[in-house]
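[1] Need the 3D shape of this:
(3 chains)
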Amino acid sequence: MNETTSVPLERLRADIEQFYARHMQLLDGGRAEEWAATFTEDGTFQLPGRPAPSRGRAELAEGARRARAAQEAAGETHRHWHGMLDVEEQPDGSVSVRCYALVYLTPRGGEPRLHRACVCEDVLVRADGGWRVRTRVVTRDGH
Amino acid sequence: MNETTSVPLERLRADIEQFYARHMQLLDGGRAEEWAATFTEDGTFQLPGRPAPSRGRAELAEGARRARAAQEAAGETHRHWHGMLDVEEQPDGSVSVRCYALVYLTPRGGEPRLHRACVCEDVLVRADGGWRVRTRVVTRDGH
Amino acid sequence: MNETTSVPLERLRADIEQFYARHMQLLDGGRAEEWAATFTEDGTFQLPGRPAPSRGRAELAEGARRARAAQEAAGETHRHWHGMLDVEEQPDGSVSVRCYALVYLTPRGGEPRLHRACVCEDVLVRADGGWRVRTRVVTRDGH
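    As a prediction, the model looks like this:
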């Protein structure tokens, strides 16, 4: 259930930044189900190079678990950063965000490096007393 | 026309962060004229290693177009990030910002890398219903 | 003296982000005493790989001076970035922050690189009209 309200920019940006911080720390911490629950039930996530988006929390959680298992097998720590958030409330109360997204990777015992530079376009909606990602489209720089 | 007002820190920071997000996405998206219009008409931009600052929107747009053409010729995507913003309202209503600025570069088909680490010092003013950069001085780390 | 109050998220996040910006710019600018004064008098800082935390402003300032001297001797500029701040006010009025922390390094005359990727866990308290770090624990990715 989405609620349509208009809020001051400072409130909106604070909410969204707090949302992304927890959202990405859940993902990077291997908490796949909790991360998937930050999407709407029918939320979609279009990753670069994939023929179709992941859809729904079960599929999103499965993708996160698979990625996590691959990182653990490789001995890698990944950290997702969002930055330069262009946040715009839409007439229907949803919020569109276009931001830059980086992934930093540190191999076990090694030096950190920049792994991915992307652009992330989200539509967020208010639901269940918080924010949820309804759609996400990520494009990878250089591809 | 600048308006002198005092606003709560949360409002000021939200405005400035939103401003930088759009400002840099315009630059990185090759929208040179729209980017130049986020400076005041007589805005200045002192880049490292240049004898004098760029001054005024025509000159700023020309610099942005030239940089963009060079990136396209080289097959590079550049992304500008501002972070660690120290924001301070001045008695005349202008806002000084001292922040860190990074440029990430991804070559076509290649891996992203950190291209520049800089410090950016801006004076921003309210004009035409938004914020504009009146002066910018960028210094490059290591030089 | 800490004051127990509850503040809106937008105010809290703005305060904390402004605090970190100045805090890190003091550190990176070699202003060790001023940086140490942004901890509580008995503030602690647990760095990765150290048997015990630094404790108190004199010890914190000494550590910052030593690190700075080493950087200058090596001809390096370090820049500390905090990002993806998960900010949570505690019942006692203190604020816990779990965030990602990066250090960028630029050698004199050289190219910038990512030096450290860490997770930083702070407890901040209001004191002397501002915010102070009461405890900090930093863990380094890959170790």
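
[2] measure A:E111 to B:R136 for me?
    For A:E111, the distance to B:R136 (CB to CB, to the nearest Å) stands at 33 Å. (Glycine included, C-beta is placed from N, CA and C.)

[3] These two: who's more crowded?
    Per other CB atoms under 10 Å in any protein chain shown, whichever of A:E111 and B:R136 has more neighbours is B:R136, with 21 against 13.

[4] Who are the packing partners of the helix or strand where the more buried one lies?
    Per DSSP states H and E, B:R136 falls inside strand B:130-140. In this structure, strand B:130-140 makes packing contacts with helix B:9-28, strand B:39-46, strand B:113-127, judged by 3 or more CB pairs under 8 Å, 6 or more residues apart in numbering or on different chains; DSSP states H and E.

[5] So what does the residue of chain A most remote from its centre look like in phi/psi?
    Distance from the C-alpha centroid of chain A, by CA atoms, centre = their mean, peaks at A:G109 (27.3 Å). Main-chain dihedrals, A:G109, degrees, to the nearest 10: phi 80, psi 10.

[6] right, and it touches C:R140 too?
    No: counting by CB atoms under 8 Å, A:G109 sits too far from C:R140 to count as a contact (10.7 Å).

[7] any weak-confidence spans in chain A?
    Along chain A, segments meeting pLDDT under 70 span A:1-5.

[8] Contact distance from chain B - what residues of it qualify?
    Taking CB under 8 Å from any CB of the partner chain, the part of chain A that reaches chain B is made up of A:8-10, A:12-14, A:83-87, A:98-100, A:102, A:114-117, A:141-143.

[9] From those residues, list the buried ones, please.
    Those of the residues of chain A next to chain B that meet the buried threshold are A:9-10, A:12-14, A:83-87, A:98-100, A:102, A:114-117, A:141-142, by 16 or more other CB atoms under 10 Å in any protein chain shown.

[10] For A:E33, which non-adjacent residue is closest in space?
    In this structure, A:E33 finds its nearest non-sequential neighbour in A:A61, 5.1 Å apart by CB to CB, 6 or more residues apart in numbering or on different chains.

[11] three-state assignment of the one you found?
    helix (DSSP: H, G, I helix; E, B strand; the rest coil).

[12] With the one 10 residues further on instead?
    Counting by three-state DSSP, the backbone at A:Q71 sits in helix.

[13] Could you measure from it over to A:H80?
    12 Å.

[14] ok, the two, which is more surrounded?
    Set A:Q71 next to A:H80 and count neighbours by other CB under 10 Å: A:H80 wins out with 20 against 15.

[15] which ones are touching that one?
    Applying CB atoms under 8 Å, 6 or more residues apart in numbering or on different chains to A:H80 gives the contacts A:M24, A:L27, A:D28, A:A101, A:L102, A:V103, C:M84.
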